[in-house]
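Peer 1: predicted model and sequence follow; I will ask about them next.
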Amino acid sequence: MKTQVVIVGAGPAGLLLSEILHRHGVESIVLERSSREHVLARIRAGVLESTTVDVLRENGLSTRMDVEGHPHDGMRIAWAGRDSFLVDTYQTLGRRFMVYGQTAIQEDLFAAADRRGQAVLTEVSDVLLHQHDGAPGAKPYVTYVRDGQAGRIDCDFIAGCDGFHGVSRRSIPEAVRREYEKVYPFGWLGVMARVKPLPDITYVNNPRGFALASYRNQQLSRFYIQVPLDHKVEDWPDDRFWPELKARFPAEMAAAITETDTIEKSIAPLRSFVSEPMRYGALFLCGDAAHIVPPTGAKGLNLAVSDVYYLSKALARWYRSGDAVWLDGYSATALRRVWSSVRTSWYLTTLLHRFPDTSEFDQKAQEYELDYLKHSARAQAALAEQYAGLALEKAD
Ligand code: FAD
Ligand code: DHB
């Protein structure tokens, strides 16, 4: 087979890239390791920056989001023994963010891919990238196995959208890659439950650990609590989860949370990770393949979308005019936004969690940082700007 761009991974980054490229008349084939059912069953992100909402709207992907998504004006911060406060992105910046599950975005992206007859080859294994180093005369291609048959796709470019554990990043020689990593000493237990959500997305710092109440729709809540790294989902039956969640929220908020059977539980470790550069010859990395943020602040999916925005513009320009200037600038442009969100999610993680090895000094400093944030409109404006997400650098 032959195409212009092979996209490895059918997560939000890969499918969105194929959609935008198609709108620019650029052909692609998407290779995905898992089944479509598996990809659609993953419950992950929920909060979309207004820039992400704009990109989805500009590319005809917002019909359902605009009906079922829930615009929010700000995020609330609470901590033990004090009144909570709202960091109001709408009042400060005139920007709302949207609560709309990643699962729904995946459904919308697969539906759009089906409508245009996009080639998405699922359940492929042994994906390998070849001749992607950009050497003169190199002709990139990708090999894989599907249904026991070996396949090969020749292409101009490869987009590595295959997440943190994918093959793409590892196809850049170690001598070229520079990796920056911070691993946090706890994980998040995530729970979905048919419970009326709290009115605001609420982040809690409590001596028992961090907690978060988020939203999916008027009857569906998403909750997270900080748990030790060695805990398993089996350690958290419902009759342990609900009292612990409520114990971390201020009493009046806890009283508004109804206990019910939970629908889904999973535990995710927290890490910050960036691999530079995001381009190697004909290979371009997008999304979690190049960077991971801890979920505090909800940046991961949004970064996948901003990477795809920059890469799709750059590829479209190259195919339109043969001008490689944006392709050459892709890594530096994408990384500016990546590092900004990496910093924000590190800051929020540090501000809101209880660290097992914290010193009394660190604990005091954290409390006074929260106090400052609560009482300073300027500090709140700075956080609102970071939480809402930086504007995309407009390429044209
Ligand atoms: P992925 O979604 O990981 O997709 C990569 C795809 O590549 C997968 O389908 C995988 O099967 C496939 N693949 C992997 N290896 C191969 C291979 N060798 N060959 C072929 N295919 C391969 N982000 C936010 O913005 N807001 C939030 O509120 C938020 N909350 C989160 C909550 C949780 C619990 C978690 C775990 C994450 C959260 N995130 C959030 C992060 C967000 O989900 C990710 O950043 C996002 O999924 C990244 O998209 P992606 O397409 O880059 O990668
Ligand atoms: C959600 C996840 C986050 O990481 C976050 O900071 C806010 C909300 C969510 O899944 O709804």
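Peer 2: Nice, I can see it. Numbering: from 1, shown residues only. Ligands and ions are numbered 1, 2, ... in the order given.
Peer 1: helix, strand, or coil at the residue of the chain most remote from its centre?
Peer 2: Using C-alpha atoms, centre = their mean, the residue of the chain lying farthest from its centre is residue 137. It sits 36.0 Å away. What DSSP: H, G, I helix; E, B strand; the rest coil gives for residue 137 is coil.
Peer 1: need the per-residue pLDDT for it.
Peer 2: Looking at residue 137, its pLDDT stands at 93.
Peer 1: and it, what is it in contact with?
Peer 2: Applying C-beta atoms under 8 Å, 6 or more residues apart in numbering to residue 137 gives no contacts. Yep, even glycine has a C-beta here, placed from its N, CA and C like the rest.
Peer 1: run the last query once more with 10 Å
Peer 2: Residue 137 makes contact with residue 131 under the criterion C-beta atoms under 10 Å, 6 or more residues apart in numbering.
Peer 1: what's the spacing between it and residue 279?
Peer 2: Distance, residue 137 to residue 279, using C-beta to C-beta, to the nearest Å: 19 Å.
Peer 1: how about the nearest residue to whichever residue of the stretch 101-250 of the chain sits closest to ligand 1, chain neighbours excluded?
Peer 2: Here the stretch 101-250 of the chain gets closest to ligand 1 at one residue, residue 163, 2.8 Å apart by C-beta to the nearest ligand atom. Excluding the flanking residues, the one nearest residue 163 by C-beta to C-beta, 6 or more residues apart in numbering is residue 288, at 4.4 Å.
Peer 1: repeat for residue 353
Peer 2: Residue 353 sits nearest to residue 210 (C-beta to C-beta, 6+ apart), 4.5 Å away.
Peer 1: these two touch, right, the one you found and residue 226?
Peer 2: Yes: using C-beta atoms under 10 Å, residue 210 makes contact with residue 226 at a distance of 3.9 Å.
Peer 1: and residue 192, bridged to which residues?
Peer 2: On the basis of DSSP bridges, residue 192 takes part in beta bridges with residue 222, residue 264.
Peer 1: for it, what are its contacts?
Peer 2: Listed by C-beta under 10 Å, 6+ apart, the contact set of residue 192 reads 43, 101, 103, 214, 216, 220-223, 262-266.
Peer 1: any idea how far the residue of the stretch 51-200 of the chain at minimum distance from ligand 2 is from residue 15?
Peer 2: In the stretch 51-200 of the chain, no residue comes nearer to ligand 2 than residue 99, which is 6.4 Å away by C-beta to the nearest ligand atom. The gap separating residue 99 from residue 15 is 20 Å, by C-beta to C-beta.
Peer 1: who has more neighbours, these two?
Peer 2: Neighbour totals were compared for residue 99 and residue 15, and residue 15 leads with 26 against 20 (other C-beta atoms under 10 Å).
Peer 1: ok, the more buried one - contacts?
Peer 2: 7, 9, 30, 32, 39, 61, 105-106, 108-110, 112-113, 118, 120, 161, 308.
Peer 1: try residue 340
Peer 2: The neighbourhood of residue 340, defined by C-beta under 10 Å, 6+ apart, consists of 299, 303, 306, 385, 386, 389, 390.
Peer 1: cutoff 7 Å now
Peer 2: Going by C-beta atoms under 7 Å, 6 or more residues apart in numbering, residue 340 touches residue 390.
Peer 1: so it, which state does it fall into?
Peer 2: Residue 340 ends up helix, using three-state DSSP.
Peer 1: who in the stretch 201-350 of the chain is up against ligand 1?
Peer 2: Residues of the stretch 201-350 of the chain found near ligand 1 (C-beta under 6 Å from any ligand atom) are 268, 287, 288, 295, 298, 299, 300, 301, 302, 304.
Peer 1: buried subset of those?
Peer 2: By neighbour count, with 16 or more other C-beta atoms under 10 Å, those hold 287, 288, 295, 298, 299, 300, 301, 302, 304 as buried.
Peer 1: specify the local secondary structure of the third one.
Peer 2: What it means is residue 295. Going by three-state DSSP, the state assigned to residue 295 is coil.
Peer 1: so where's the stretch 1-150 of the chain shaky on pLDDT?
Peer 2: Counting by pLDDT under 70, the stretch 1-150 of the chain contains no low-confidence range.
Peer 1: contacting residues for residue 158?
Peer 2: Residues near residue 158 by C-beta under 7 Å, 6+ apart: 6, 8, 129, 132, 140, 142, 282, 283.
Peer 1: redo that, cut-off 6 Å
Peer 2: Taking C-beta atoms under 6 Å, 6 or more residues apart in numbering, we find residue 158 in contact with 6, 129, 132, 140, 282, 283.
Peer 1: find me the pLDDT at the fifth one, would you?
Peer 2: The reference is to residue 282. pLDDT for residue 282: 98.
Peer 1: what's around the closest residue to ligand 2 within the chain, how many residues?
Peer 2: At 2.6 Å from ligand 2, residue 46 is the closest residue in the chain, using C-beta to the nearest ligand atom. Using other C-beta under 10 Å, residue 46 has 24 other residues around it.
Peer 1: next: residue 144.
Peer 2: 20.
Peer 1: bridged to the residue of the stretch 51-200 of the chain closest to ligand 2, which residues?
Peer 2: With DSSP bridges as the criterion, residue 99 is bridged to residue 47, residue 70.
Peer 1: can you tell me which residues contact it?
Peer 2: Contacts of residue 99 by C-beta under 6 Å, 6+ apart are 46, 47, 70, 72, 215.
Peer 1: could you verify that the last one is part of a strand?
Peer 2: Yes: applying three-state DSSP, one finds residue 215 inside a strand.
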